[in-house]
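S.K.: how does the following fold in three dimensions:
(3 chains)
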Amino acid sequence: MNGPIIWARDLSRWYGEVIGLNQFNVDIEPGITGIVGPNGSGKSTFFKTLTGLIRPSVGQIRMFGQDPWNNTALMRDFGFCPDFDNLSNEQTPRDFLTFVGGLHGKGGEELAKRVDEVLDIVGMGDAADRKIGGFSKGMRQRTKIAGAMVHNPKLLLLDEPLSGTDPLGRREIIDLVKKLHRQHGHNIIVSSHVLHEVERLTHQVVVIYKGRAVAVGDISDIRGMIDKHPHNIIVESKEMEELAKRFVEMPFVVSIQFNPDRRSAIVQVQQPDEFFNAFPSLVEELGCEVDKVYSLDDNLESVFRYLVGW
Amino acid sequence: MDMATQIKGTLTITRYSMCKVLVSKRIVLVFAIMALFCSVAFYGSTEVEQKEREEFINFASALVLFFILPVITMIYGSSLIRDEIVDRSITQIATSPLCKASIYIGYYLGLIITVSVIMVLVFTSGFLIYFGEFGFDGTGDIYGSFIKLMIIGTVVYSSLFMMVSLIFRTPIYFGLFFVFIWELFIGNFPGRIKMVAINHYLRSLGSNMFTVGELSSYNGSTVGDTTITLAAFVTISMILGILIFTYKEYP
Amino acid sequence: MGINPIEYKPWKKKRGDHKKRFLSISSNVFRTNLKSKAVLGIIIIGLLLTLVIPLLGAVLTPHEKLTKDMAVGVEEDREDDLETFGNFYINGDMNIEGSLSLQGMLTLDGNVFGTGMYTSANGITSETGLNVSGALDINGTAFLDGELTGTGTIYGFGFIEGKGNLSGDWSGEATVFDNITEDIQRIRDDREMDNPDSSPDQKDGQTTNPVDDDGTVPPGSPPPYPPPEYRMNLTGDLGTEGDLLVDGEISINGSFYVNGYLSLRGSVEGTIFFDNHNMLAQYGELTMAGSVMVDGEAGLMGMLQGEGIIIGTGFLNGTGNVSGSLSQEDITNIISMDCGDDDDDTSSEDSLFVEGSLTIEGDVLCAGDIGIDGSLYIDGVCVIMGNVTGSGSLEYKSTEMFHGEVYVMGAFDTNGTVVVDGSLNGAGMIMGTGNINGTGMVHGYFEPDEETYKEDEEIKTRLLEMESENEMSSYYSSQTSGFLRNELVVIFTLLLASIICADLISKDISNNSFVLYFSRSITTRDYISGKFIGAAVTLGLYTFIVPVVVALAIIGTQTGSDYSTSFVVLGLTVAGALITTVYFIPFGLMISSFTKRPSYAGVGIFMSFFVLIIISEIFRMFDKRWMLANPASILDFTYQLLFDRALPSQITGSMVAGILLTFLAIPLAILYINIHRKGVGR
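M.R.: Below is the predicted model of the structure:
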């Protein structure tokens, strides 16, 4: 599919005096996209608007070129896994998926086959006939994800799929999401406030804060655009002082901060690429040993921190 | 919209809502009500020395038709969709490719089927207890008439309470007001004012079905007028309910 | 030994602290409820519906003082009831002022009289019935489903209805009257004055209408009518669905309902309602050789035939035919009723005189005159050989032209309205002040009498007045409940109590607030007292205000100077209002303590009361003491006791007090146990 699968223009939604989304503008391309933001930033509001559960107060939103509000035909094209638990403890995953499949007009053997297939994909094949009431959080999340994909939609919307899961569960879900995209071709939008785990899923992110999209795109590209915040690079060496003297001469080095042991320093640079290009020849020239050199900022947390001012 | 998909989806929701109604803690209430009616029937059967059709019709209509039926319908009808909105389990259904009218009709069908079954069970148990001692000769018409009235009442009350559950956050209080004040109080006013109560029309139908008992002498509307009024009421309630459900948001 | 934190309550001795604690809980409850839209809404609606109207009524109605009747309504007459499930044998008289309910057989060697109700629920077997050897004088209602046999006399003002048979040799003595109109009128008056033992007396101690030794009436004399004592003399109503065989006369001033075969050798006098559905069978006939005098309603569905005379002021309607050989000779045997200036024309004594309304849906053949002071409606062929006179209305209608004719050979003098939809033929004279209208034709040589013609407005006005009087009397039928005893107030109180109490405890359970309360120096008693008082104060905004404000308004606008009585009633009203306020709360709190969800608690409270009310209403059909299961009735009985009114029989004051205390104490005890377990721990 060409063009964004989802776009929003000046999308705003408020609940009385509380603003959920505030002139939210975004274009989401096919693939896996992460929606990141702190609690209350508007992620769930965005999903609800996207799935037609609520209507925008102002602005427009489109999924596959269509307005999702009251658009029952569009609902075949996406599967939604909400952040809250809406599973019945008395049902089994098979019952749940049969029910959801029935809502999509499927039935009979075809549905039964699809249910088995989906349960295998999410890794719940063995627990298909166990009551959901006895499941762990991770199992429940996987069941919900299965519910979102039983009708084989083009797009999966996963709202906080990792919340409440233990590290093992999170890993399983992350692997599952990647598999769903890679092997089964689903486009996926995942929301979370667990930044490093979104990073593990995708590098395409939409950063949302106080109802606004503060940045959209690749994490690195975003980082690169934040010029007013120099990159922090850690350098560890026995000859740190020597190196520091040469660093100061470089025009793109903003500051050098020694750690107390004086064997490492945080070097702030405006142009990290230039720095890394010059660094090897500098080390060779000085003949010093460098134990470590790495960037502190080439991650989502630092992007987030710079963007929202944490 | 693919009609086959819509019908399958509607039937799925019908089955789902039937399970919800039957497999819930509220079913204890149904058993309590059944026990109540059975004990009243039992007490009544011990107080008469021969089969008194008239006595049975009088107390069964007062207890089952004009109290138990609206109360049960109120409890289930008010909570069927509202509980799902509160606990947000309606998200799954609201994001399915079914038109909202199909979803609403699915809920409605599930509700009326289940409540009708419950009412038939409650009534039959008391009926068997009362007439069991005296024999069932000549009681077929009583049984049949009550079943018909209960089903009609279920259809009408369900349409109202389901619609109301979409409007109010706590529809149960509206239900209490409607059943205990509107129906029981205003429905017993003399003159034309009682025509605003649903039980007036049930009584009118009853007056044509029964030959003995208080219902038989009820001075009500004609069968034609009653049918038209109730049909119009159900239709309007359903249309309003569908419209509200369609344009309602689920934050 | 360390301190037990559960048992350690150093504040126990400090009474002042308790007061502050539970007052703080109660004020919190009150403030929270005042912020609730549901509570405020119901209070406001309730006040509008149940305060404004009685307040206006009380203030605008002139009154001397505040009385108990205003508060709790007029005292109802309660009569003692007698109920028996076995047989009853009386070797004397039975006097019933209340109701007599009899499941078994009553054998009575004496008389039955009184103003009560006799009910027999037994079927039609020979072993169950009322066998009376004396007189059966009924001034109340007698329901007879068994057999009434006997040899006595039935009289009184009462009403007998049922499905049983009336058989026997009921004898009596008749009195012959001179002026039948006056005497009958007097009899009616006597009986209306509650003189059940009065039987038709002889006038001046003599038989004024002599009969010959052979029992025939000499020519020129009015017939022995009515006979002095009747085979069946009934002043009330008699209805029977079996056959009725009366070997004598029937005199009835009530209504006489026969759904079987009536064979009568004597006269039927009185008010007859004859409803026989067997129109085409020989059983559907009233055959009489005497006269039928109708003063009330006589419904005829079968055929009325005979050689007698129909006279009276009654109402004869039905779908049968009235026919007979009404010959001129009979006219002399007719007693003239009240047909205007009959002194002037002795020959115009009516064959058919109607002073009330008479509807005949069959054919009418009248060889004499028809006098109408009421209305005569004929839907068949009507041939009148005599005159039609009177001030009533003649309405004549037929759907077939051939049958649509009225022939009047005499004068047509009417001061009422004559509606003719067929044709009016005749050779007499039309006169009077009435209207003739309709869609028919008038043929013949009717000459108007211009001198007697008047405006008909007077008639119209009179009719209108009558109608409006009737309407008004039925509209202002009295309502005897007072401002304290008001069904609508009870319902609103119940609704409000359910909403207020629903979340008082249940919300604390769901929010785990007991930890908050009982980790402080608050006892279970403080907690319950605080919740109770808060709920009572909120509920009192409605239950207390309505009666007290109305009472104060009545006192403030009274015209008399007897304030002491008024203030006594005010005090009783305040007490009643307080009882109403606190009555529903313990039960409501108890239900609220059983569940976490306020909506379940609200529904549970409301429905529990209604289930009790409905059970009570149903079971009291069988045993009146089931009224004690109805919480609204208990409240009502409490008011009765408070205002020194009588309770129904079988219900005593101690029963009411006991149930009231039970209804208050047991829920509080259960509530205490529940809170203690949940709050303090097991």
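
S.K.: what is the burial count for A:S220?
M.R.: Residue crowding around A:S220 was assessed by other C-beta atoms under 10 Å in any protein chain shown; the count is 12. Every C-beta, even on glycine, is put in place using the N, C-alpha and C of the backbone.

S.K.: what's the answer for B:T124, then?
M.R.: So B:T124, with other C-beta under 10 Å, has 14 neighbours.

S.K.: which positions within the lengthiest helix in chain B qualify as buried?
M.R.: Counting residues, the longest helix in chain B under DSSP state H turns out to be helix B:100-132. Residues of helix B:100-132 classed as buried: B:100-116, B:118-120, B:122-123, B:126-127, B:129-131 (neighbour count, 16 or more other C-beta atoms under 10 Å in any protein chain shown).

S.K.: against which helices or strands is that helix packed?
M.R.: Judged by 3 or more C-beta pairs under 8 Å, 6 or more residues apart in numbering or on different chains; DSSP states H and E, helix B:100-132 is in contact with helix B:3-22, helix B:27-47, helix B:53-60, helix B:69-87, helix B:140-167, helix B:223-247.

S.K.: that helix relative to helix B:140-167, how many degrees between them?
M.R.: Relative orientation of helix B:100-132 versus helix B:140-167 (axes from the mean of the first three to the mean of the last three C-alpha atoms, to 10 degrees): 150 degrees.

S.K.: secondary structure element for the residue in the stretch 51-200 of chain A positioned nearest to chain C?
M.R.: Nearest to chain C, among the residues of the stretch 51-200 of chain A, is A:N89, at 17.5 Å (C-beta to the nearest C-beta). Using DSSP states H and E, A:N89 is not contained in any helix or strand.

S.K.: contacting residues for it?
M.R.: Residues in contact with A:N89 (C-beta atoms under 8 Å, 6 or more residues apart in numbering or on different chains) are A:K131, A:I132, A:G133.

S.K.: show me what contacts the second one?
M.R.: By C-beta under 8 Å, 6+ apart, A:I132 lies in contact with A:L87, A:S88, A:N89, A:E90, A:Q91, A:T92, A:P93, A:F96, A:R140, A:T143.

S.K.: how about a cut-off of 10 Å?
M.R.: Each residue near A:I132 by C-beta atoms under 10 Å, 6 or more residues apart in numbering or on different chains is listed here: A:85, A:87-93, A:95-96, A:139-140, A:143-144.

S.K.: same check on the last one?
M.R.: For A:G133, the contacting residues are A:L87, A:S88, A:N89, A:E90, A:Q91, A:T92, A:R140, by C-beta under 10 Å, 6+ apart.

S.K.: excluding its backbone neighbours, what's nearest the residue nearest the centre of chain A?
M.R.: Note on chain A: the residue nearest the mean C-alpha position is A:G34, at 2.4 Å, using C-alpha atoms, centre = their mean. Closest residue to A:G34 apart from its sequence neighbours, by C-beta to C-beta, 6 or more residues apart in numbering or on different chains: A:V198 at 3.9 Å.

S.K.: what about that neighbour, how many neighbours?
M.R.: Neighbours of A:V198 (other C-beta under 10 Å): 24.

S.K.: thinking again about what came up before, make a markdown table out of the helices and strands packed on helix B:100-132 and add mean pLDDT, distance to chain C and mean neighbour count.
M.R.: Formatted as a markdown table, these follow (pLDDT from 0 to 100; distance: least, C-beta to the nearest C-beta, whole Å; neighbours: other C-beta atoms under 10 Å in any protein chain shown):
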| stretch | mean pLDDT | distance to chain C | mean neighbour count |
| --- | --- | --- | --- |
| helix B:3-22 | 92 | 16 | 19 |
| helix B:27-47 | 87 | 4 | 17 |
| helix B:53-60 | 85 | 5 | 21 |
| helix B:69-87 | 92 | 6 | 23 |
| helix B:140-167 | 96 | 12 | 21 |
| helix B:223-247 | 96 | 21 | 16 |
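
S.K.: show me where chain A has strands.
M.R.: Secondary structure of chain A by DSSP state E: the strands cover A:6-15, A:18-28, A:32-36, A:58-63, A:78-81, A:155-159, A:187-192, A:204-209, A:212-218, A:231-237, A:253-258, A:264-269, A:290-295.

S.K.: reformat these as CSV; add mean pLDDT.
M.R.: What follows is the strands of chain A, written out as CSV (pLDDT from 0 to 100):
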stretch, mean pLDDT
strand A:6-15, 94
strand A:18-28, 94
strand A:32-36, 93
strand A:58-63, 96
strand A:78-81, 95
strand A:155-159, 95
strand A:187-192, 94
strand A:204-209, 92
strand A:212-218, 89
strand A:231-237, 89
strand A:253-258, 92
strand A:264-269, 92
strand A:290-295, 88
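
S.K.: for C:I666, which of those strands is the nearest?
M.R.: Evaluated over the strands of chain A, closeness to C:I666 peaks at strand A:6-15, with 46.6 Å, by C-beta to C-beta.

S.K.: in its sheet, what does the closest one sit against?
M.R.: As defined by DSSP bridges, the strand partners of strand A:6-15 come to strand A:18-28 (antiparallel), strand A:58-63 (antiparallel).

S.K.: chain B contacts on the stretch 551-682 of chain C?
M.R.: C:598-600, C:602-607, C:609-611, C:613-615, C:617-619, C:621-623, C:626 (C-beta under 10 Å from any C-beta of the partner chain).

S.K.: mind redoing it with 6 Å?
M.R.: C:S599, C:V603, C:F606, C:I614, C:I618, C:F622 (C-beta under 6 Å from any C-beta of the partner chain).

S.K.: picking up where we left off before, state the pLDDT value of the residue of the stretch 51-200 of chain A closest to chain C.
M.R.: Predicted confidence (pLDDT) for A:N89: 87.

S.K.: do the same with A:F247
M.R.: 92.

S.K.: show me the contacts for residue 41.
M.R.: Looking at chain A here, since you left the chain open. Residues near A:S41 by C-beta atoms under 6 Å, 6 or more residues apart in numbering or on different chains: A:I208, A:Y209.

S.K.: that's the wrong chain, I meant chain B
M.R.: Counting by C-beta under 6 Å, 6+ apart, B:A41 touches B:G126, B:I129, B:Y130.

S.K.: coming back round to it: just among the residues of the stretch 551-682 of chain C next to chain B, which is most surrounded?
M.R.: For these, neighbours tallied by other C-beta under 10 Å; top is C:F606, 26 neighbours.

S.K.: can you read off the pLDDT for that residue?
M.R.: We have a pLDDT of 83 for C:F606.

S.K.: quick check on it: phi, psi?
M.R.: Dihedral pair for C:F606: phi -60, psi -50, per degrees, to the nearest 10.

S.K.: can you list the residues of chain A near chain B?
M.R.: With C-beta under 6 Å from any C-beta as the criterion, chain A meets chain B at residues A:51, A:53-54, A:72, A:75-76, A:80, A:82, A:84, A:86, A:102-103, A:105, A:107.

S.K.: of those residues, buried ones?
M.R.: Of these, these count as buried by 16+ other C-beta under 10 Å: A:51, A:53-54, A:72, A:75-76, A:80, A:82, A:86, A:102-103, A:105, A:107.

S.K.: counting only helices, which of those residues make the cut?
M.R.: Using DSSP H, these in helices are A:G102, A:L103.

S.K.: contact partners for the most centrally placed residue in chain B?
M.R.: By C-alpha atoms, centre = their mean, chain B has its centre lying nearest to B:T154, at 2.5 Å. Residues near B:T154 by C-beta under 6 Å, 6+ apart: B:T73, B:I112, B:V115, B:S116.
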